[in-house]
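*Asks:* What follows is a predicted protein model with its sequence.
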Amino acid sequence: IHSVKKVHRIACIPGDGIGTEITEAAIQVLTTLQKTLGWFSSTIFGRLFMILKLALLLGTFEFDFTHLDWSSKAYLERGWYMPPDWADQLRKHDAIYFGAVGWPDVPDHISLWNLILPIRKVMSQYVNLRPTRILEGIASPMANVKREDLDWVIVRENSEGEYSGQGGTSHEDTPHAVATEISIFSQVGIERIMHFAFQTALSRPRKKLTMVTKSNAQRHGMVLWDKVFYTVAKEYPDVEIDKMLVDAMTVRMVLHPASLDTIVATNLHADILSDLAAALSGSIGIAPSSNLDPTRKNPSMFEPIHGSAPDIAGKGIANPVGAFWSAAEMVRWLGEEKAADTLMKAIENVTQAGVKTKDLGGSENTKGVTEAVCKEIEKVL
Ligand code: ATP
Ligand code: MG
């Protein structure tokens, strides 16, 4: 029995603000998935299904969650975000589920550089994958856009570029202060993200890749970025390619969304473009992201793209859809295709039925949406 039961060990970092609320909701939904499709089925049908699966020697799964209290709140109390052995702790898991980090009492660059950015770097999560589409029952703020017009995957370089952390300040706190913020682009770093982007494009029906750059104004790193793109492109003759300057890209996303499919961009550019993409698909509260180590040597990390949203924290009204979609991406990465499909179907049944939070024009709260998604999952059997 043990050999057909897969245990997926998940490190959960709820973080701050609505991060804790949506992580709790995601765990509830994942637990329902496990009960319905996994080993500990609670329903009679579920148990029969499991017995059948075991008889056929098909795999079944279980999630094992570890809760890690690495947050700004904890930092304010004890003076640190993560313990010295944080990397070893994370490596004991198959995936990391992350809520959001950031709180008004701590400068954002402190919380980011003590938590999320070191995890991305040390775990070699050099890809940040951000799918965007308009889910059933959700309206885009752009009246001209039809659901089928907007179906993108943004591949964000996640390890270098503008977020290298290099630079410094001289004459600090004087009227003559000067600061440098250095972007680092390496051949190796660009090559690996381009290969991932081309493979992503190949896996999609349209096989189309748009590369975003700013090589008209930035003449070193961005020029290397372009050059490597065209070199790697030669290995993927089946992918249709084009190049966009980042400023013109924002216009194209709004005016001609159907002309885009897979998009590859630098750390900073893709960060900005994916917030725009999320807003165009309905709300920043629905968009998922995966921080991937494609070599699978380290655990990958899954998180909604939104932040801790202090303005709505503690009210129980955060949209949990981005958290659920991120959980579905995690489940898929862990090899549970059926569970991932079930979760996505459940989310879309719920949005289509109009069970939505305020940011999507609905009147439900986090709990209402979460319970509705759990009920839909249970209907699968
Ligand atoms: P970060 O720096 O971590 O990206 P941020 O400061 O850019 O964070 P968010 O925390 O993402 O900002 O919030 C931006 C706005 O979107 C806020 O008004 C917030 O209330 C809203 N928002 C973010 N996430 C959600 C959500 N899940 N549901 C509803 N509203 C949300
Ligand atoms: Mg933001």
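*Replies:* Nice, I can see it. Ligands and ions are numbered 1, 2, ... in the order given.
*Asks:* Tell me which residue in the chain sits closest to ligand 1.
*Replies:* residue 307 (2.1 Å; Cβ to the nearest ligand atom). The way it works is simple: take the backbone N, C-alpha and C, and place the C-beta from them, glycine included.
*Asks:* ok, now which ones touch that residue?
*Replies:* Taking Cβ atoms under 8 Å, 6 or more residues apart in numbering, we find residue 307 in contact with 17, 100-102.
*Asks:* sec struct for it, please.
*Replies:* Look at residue 307: counting by DSSP: H, G, I helix; E, B strand; the rest coil, its state is coil.
*Asks:* Which two among the contacts of residue 307 are spaced furthest apart?
*Replies:* Of all pairs drawn from these, the one with the longest distance (Cβ to Cβ) is 17 and 101, at 8.7 Å.
*Asks:* Return every residue with contacts to both of the two.
*Replies:* Shared contacts of residue 17 and residue 101, defined by Cβ under 8 Å, 6+ apart, are found at 307-308.
*Asks:* what about stretch 251-266, start to end distance?
*Replies:* One end of stretch 251-266 sits 18 Å from the other (Cα to Cα, to the nearest Å).
*Asks:* Buried residues of it, list them for me.
*Replies:* 253, 257, 260-266 (16 or more other Cβ atoms under 10 Å).
*Asks:* Include secondary structure and distance to residue 7 when you put these into TSV, please.
*Replies:* As requested, the buried residues of stretch 251-266 are arranged in TSV below (DSSP: H, G, I helix; E, B strand; the rest coil; distance: Cβ to Cβ, whole Å):
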residue	secondary structure	distance to residue 7
253	helix	41
257	helix	41
260	coil	39
261	coil	36
262	strand	33
263	strand	36
264	strand	35
265	strand	36
266	coil	37
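*Asks:* on that earlier part again, within reach of ligand 1, which of the contacts of residue 307 are there?
*Replies:* Residues of those in contact with ligand 1 (Cβ under 6 Å from any ligand atom): 100, 102.
*Asks:* now the helices: where do they sit in the stretch 251-381 of the chain?
*Replies:* Ranges of helices within the stretch 251-381 of the chain are 267-280, 321-333, 337-352, 366-379, based on DSSP state H, counting those that start in this stretch.
*Asks:* okay if I get the ones you listed as CSV plus mean neighbour count?
*Replies:* Output for the helices of the stretch 251-381 of the chain, formatted as CSV (neighbours: other Cβ atoms under 10 Å):
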stretch, mean neighbour count
helix 267-280, 20
helix 321-333, 26
helix 337-352, 20
helix 366-379, 20
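*Asks:* can you list the ones you listed in a markdown table and add distance to residue 80 and mean pLDDT?
*Replies:* Formatted as a markdown table, the helices of the stretch 251-381 of the chain follow (distance: least, Cβ to Cβ, whole Å; pLDDT from 0 to 100):
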| stretch | distance to residue 80 | mean pLDDT |
| --- | --- | --- |
| helix 267-280 | 26 | 95 |
| helix 321-333 | 26 | 98 |
| helix 337-352 | 34 | 95 |
| helix 366-379 | 29 | 96 |
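*Asks:* Just the pLDDT at the residue nearest to residue 74 when sequence neighbours are not counted, thanks.
*Replies:* Excluding the flanking residues, the one nearest residue 74 by Cβ to Cβ, 6 or more residues apart in numbering is residue 81, at 7.2 Å. pLDDT for residue 81: 96.
*Asks:* is it true that residue 81 touches residue 73?
*Replies:* No. Look at residue 81 against residue 73 with Cβ atoms under 8 Å: they stay out of range, at 10.4 Å.
*Asks:* So for those two, which residue has more residues nearby?
*Replies:* Shown here are residue 81 and residue 73; by other Cβ atoms under 10 Å, residue 81 has more neighbours (23 against 15).
*Asks:* Output the below-cut-off pLDDT ranges for the stretch 1-150 of the chain.
*Replies:* 1-4, 38-43, 45-47, 50, 53-59 (pLDDT under 70).
*Asks:* near ligand 1, which residues of it show up?
*Replies:* So the stretch 1-150 of the chain meets ligand 1 at 18, 100, 102, 108 (Cβ under 6 Å from any ligand atom).
*Asks:* top helix in this protein by residue count?
*Replies:* In the chain, with assignment by DSSP state H, the single longest helix is helix 18-37.
*Asks:* related to what we said a few turns ago, redo the helices of the stretch 251-381 of the chain as a markdown table? Include distance to residue 314.
*Replies:* Converted to a markdown table, those look like this (distance: least, Cβ to Cβ, whole Å):
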| stretch | distance to residue 314 |
| --- | --- |
| helix 267-280 | 23 |
| helix 321-333 | 16 |
| helix 337-352 | 24 |
| helix 366-379 | 11 |
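*Asks:* so which of those helices comes closest to residue 48?
*Replies:* Across these, closest to residue 48 is helix 366-379 (Cβ to Cβ), at 14.7 Å.
*Asks:* So which other helices or strands are in contact with that closest one?
*Replies:* helix 18-37, helix 337-352 (3 or more Cβ pairs under 8 Å, 6 or more residues apart in numbering; DSSP states H and E).
*Asks:* which other residues reach it?
*Replies:* With Cβ under 8 Å, 6+ apart, helix 366-379 has contacts from 21-22, 25, 28-29, 32-33, 36, 43, 316-321, 324, 342-343, 345-347, 349-350, 353, 355-357, 364.
*Asks:* all strands in the stretch 151-300 of the chain, in order from the N-terminus.
*Replies:* Remark: strands assigned in the stretch 151-300 of the chain by DSSP state E, counting those that start in this stretch are 151-157, 161-170, 178-184, 208-213, 240-245, 262-265, 288-292, 300-304.
*Asks:* what's around the closest residue to residue 283 other than its chain neighbours, how many residues?
*Replies:* The shortest distance from residue 283 to any non-neighbouring residue, by Cβ to Cβ, 6+ apart, is to residue 359 (4.4 Å). Close neighbours of residue 359, defined as other Cβ under 10 Å, add up to 18.
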